[in-house]
Structure formats: C-alpha cells, structure tokens
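Undergrad: Return atomic coordinates for the entry below.
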Amino acid sequence: MKKFQSGTFISQGGYKSFQPTLLNRHWVIDDMEVISLLSKADRFLGRLDMYSEYVDIDLFTQMHIAKEATQSSKIEGTQTKVEEAFLSKSEISVEKRDDWEEVQNYITAMKEAVEMLHALPFSTRLIKQAHKVLLRGVRGDQKQPGEFRKSQNWIGGATLHDAVFIPPVHYEVDALMSDLEKFANNEEDHLPDLIKIALIHYQFETIHPFLDGNGRTGRLLITLYLVSKDVLKRPILYLSDFFERHRSLYYDNLMRVRSHGDINQWLKYFLTGVIETSKKGVQTLDSIIQMKETIENQMVTLGKRSTDARLVVAHMYKKPIVSAKELVKMTGKSSQTVYNLLADLERLQIIKEITGAQRYKLYMFESYINCFK
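TA: Just a heads-up that it's a prediction; the model follows:
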C-alpha cells in the first residue's frame, strides 16, 4: 500500500472536490508494522470476543452501547454523560434534551441495525436505515435522513470557499457507495476483516454520503461490519472512545490519506485503536466479574431479603438508574419492601441515591457504571 493513490482533487469552479479511488480492487499489505499491529489487534480482539462466551454479555451490552453512543455523540459536540442515557426524557434538563435525544437515537440505531443483520448483509440499505434512525426527530432531521445527498457538502469552514475538505460531488455518491458495498462483501480478495473495515470507515468518511450525521453513522458501521462478519459474536467493540480521546489524530490521519496517500498511517492508527479498546474491554469485563462476586458476597448478609436484592441488582445491570416506583412494578413487591431493599443496598454501597429529593428519588448502580468510565 506504499504506492496507494487515494484519489484526485477536481476543480468545480470556485472550489475543488475530492474524488476517491474505488475500494473494490486488489490490495497488497506491504508494511511490516501494519502486519504486526494487525496480528496484535486480532489477538486482543479475539480475547475480548472470548469473554462474551464466559459472561452473560447480554446483561452488559446495554451499557456498552450507551457508552459508545455518548462518546460518538461527544465527538460531534453533545455533552450527555453515560449515566444520563438511562434517564427518561422528563428527568433530563430542558437544555440537554437535544443531546440526550441524539444519544437515544444512536442506541436505537445500533440495536435495530444489529437485528437487521439477521436478514440483511452489510449494505447501503442497512446504512441508510441506520442513518434514518440516527436523525429521527433531532438536529439534522430536515437533511434527507436515510437518503444519500443530492447536493454538495463540506467539512470545516463556514462555506465551500474556506472548507477544510470537500467530498466528492453528489452525483458520484451512489456509484462510490455501491463500490464500498461490493468491497465489504467481496469474498474473493482475502483481505483481513480489520483492514477492510479500516478502509471502509476511511472511504465512508471521505465520501460523506449524507448531508448530516456522517460521523456517527461511520463510527456505527465499524461495529456492524465486525458483527456481520462474525468477528464479534456481540456488539462489544466500540472505537468512539479512542477516537474521541485522540480526536485531532483521528481527523489528521483521515486527511493525510487524502492529501498524501498515506493509508498505512491511517491503518496503524485504526489498529492501535482496536488493540487499546479491546484491552480496555477485557479489563472492563474482568472488573465486572470481580464486582459481581463482591456484590454477591455482600447480599448474602441480607439473609431472607437477599433473593429480592438479587432481583433488583439483576435489573440494574440492564438499567443502572431506576426509581423505586419502577422497581415496585418490576418486583411485584410493596413500596415499603422496595424502599427497605434500596436502603439495604445503599448501606452496602452497591447503589447510590442521586437526586437528594424527598420524593421521586432515583438510584444509580454506581460501582457498575464506574466500571465503564
């Protein structure tokens, strides 16, 4: 890939758009550092995937998706915290509701797209549907959600004339995205899946096929592709946290491919992200296993009430912020019984009341949320 030609800047009168080289062709990896990082990334990703066999990963998938949603949206400027993703709209301050709704859409888009993979391949149809959900009822919902753009867009700057980067003209988008889909599903050229999704993500962000929401959609595609190719059994690898922490490098490396054809540097950055994120994922799951064991030992001290306490805690693995009213409905117990249980769990420092109010109290599974921070 040392001789990689990324594309051509084409004059459109008052500005130059970028026409990327097609993806669906023969590729040769000729950088030993990339090959070494690929081997390491495969190894660590395999360990993370293995963990999903030994723990009840479905319990924790909700938190993984919530963290990815908040971090991916944070790159775009939203400020929702991971714990706030589990609050209802009425519990969010008015000035933060737009951010909160974008995070909720990301969570919904991920879940629905993973379900769609049972019936659909990784495809432009899947991408459009995910995008449609991402922009439903939020900022950008007037910008053709679920449809490829019919006009020119740009990245950075106030206008086309001072833009940092101008993607290809709109009438090239359909052909470029069709090529991306063919590349994603091409089984004849045996390119490793992690290299393929690194290239797909770069190409998607370069095409910028939608008028809005390209960043969030492009990051969501990474997990969807790995699940579609059975590299991951569950959607538990999320690179948005890595991209957000190294945001300037993320944008610089993408841009360097376009300006200098330096695809190897982008691959090194991407694979380093997979390695680091996989390591953190394993550490997170390991800390959850240890925490579960500690909590189980603590709940034994509650005697007869331990059975109901386990029911409450099991529910909070899926929804780590709850109200007493919600738990009354879930457990079928009286309000007094539930309040006594919550008091016990607070005393054991398993949960924490977060409102400080006399009524409508909310309880957070703090130790669990902290595992993901």
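
Undergrad: tell me the contacts of the nearest residue to residue 135 once chain neighbours are set aside?
TA: The spatially closest residue to residue 135, leaving aside those adjacent along the chain, is residue 145, at 3.8 Å (C-beta to C-beta, 6 or more residues apart in numbering). For glycine as for every other residue, the C-beta is placed from the backbone atoms N, C-alpha and C. When contacts are counted by C-beta atoms under 8 Å, 6 or more residues apart in numbering, residue 145 is found next to 131, 132, 134, 135, 136, 210, 213.

Undergrad: Just want to check the distance between the residue nearest the centre of the chain and residue 106.
TA: Here the mean C-alpha position of the chain is nearest to the C-alpha of residue 68 (C-alpha atoms, centre = their mean), at a distance of 3.7 Å. Summarising the geometry, the distance separating residue 68 from residue 106, computed by C-beta to C-beta, to the nearest Å, is 7 Å.

Undergrad: quick one, what contacts the residue nearest to the centre of the chain?
TA: Residues touching residue 68, when contacts are defined by C-beta under 8 Å, 6+ apart, comprise 106, 110, 219, 223, 238, 240, 241.

Undergrad: one more time with 7 Å, if that's ok
TA: Contacts of residue 68 were listed using C-beta atoms under 7 Å, 6 or more residues apart in numbering, and they are 238, 240.

Undergrad: And the residue nearest to residue 135, how close does it get to residue 129?
TA: With the distance defined as C-beta to C-beta, residue 145 ends up 10 Å from residue 129.

Undergrad: next one: residue 81
TA: When distance is defined by C-beta to C-beta, residue 81 is 28 Å away from residue 129.

Undergrad: and if you look at residue 78?
TA: Residue 78 is 22 Å from residue 129, where distance means C-beta to C-beta.

Undergrad: These two: who's more crowded?
TA: A direct count of neighbours by other C-beta atoms under 10 Å for residue 78 and residue 129 places residue 78 higher, at 22 against 17.

Undergrad: That one and residue 100 touch, don't they?
TA: No: the pair formed by residue 78 and residue 100 falls short of the contact definition of C-beta atoms under 7 Å, at 8.3 Å.

Undergrad: And for residue 152, the neighbour number?
TA: Residue 152 sits with 17 neighbouring residues when counted by other C-beta under 10 Å.

Undergrad: what sits against it?
TA: With contacts defined as C-beta under 7 Å, 6+ apart, residue 152 is in contact with 160, 169, 170.

Undergrad: Please pick the buried ones from those.
TA: The neighbour-count test (16 or more other C-beta atoms under 10 Å) applied to these identifies 160, 170 as buried.

Undergrad: what's the closest of the contacts of residue 152 to residue 18?
TA: residue 169 (9.7 Å; C-beta to C-beta).

Undergrad: can you tell me how far that closest one sits from residue 13?
TA: Residue 169 is 11 Å from residue 13, where distance means C-beta to C-beta.

Undergrad: same check, this time on residue 303
TA: Distance of residue 303 to residue 13, computed by C-beta to C-beta: 79 Å.

Undergrad: of the two, who's got more company?
TA: Taking other C-beta under 10 Å, residue 303 and residue 13 do not tie; residue 303 has more neighbours (9 against 6).

Undergrad: The strand or helix carrying residue 18 packs against which elements?
TA: Element membership of residue 18 [criterion: DSSP states H and E] is strand 16-20. Counting contacts by 3 or more C-beta pairs under 7 Å, 6 or more residues apart in numbering; DSSP states H and E, the secondary-structure elements packed against strand 16-20 are strand 7-11, helix 193-207.

Undergrad: if you compare those, which one is most tucked away?
TA: Relative to the other members of the helices and strands packed on strand 16-20, helix 193-207 carries the highest mean neighbour count by mean count of other C-beta atoms under 10 Å, namely a mean of 22.

Undergrad: how much distance is there from that one to the middle of the chain?
TA: Distance, stretch centre to chain centre, for helix 193-207: 15 Å (C-alpha atoms, centre = their mean, to the nearest Å).
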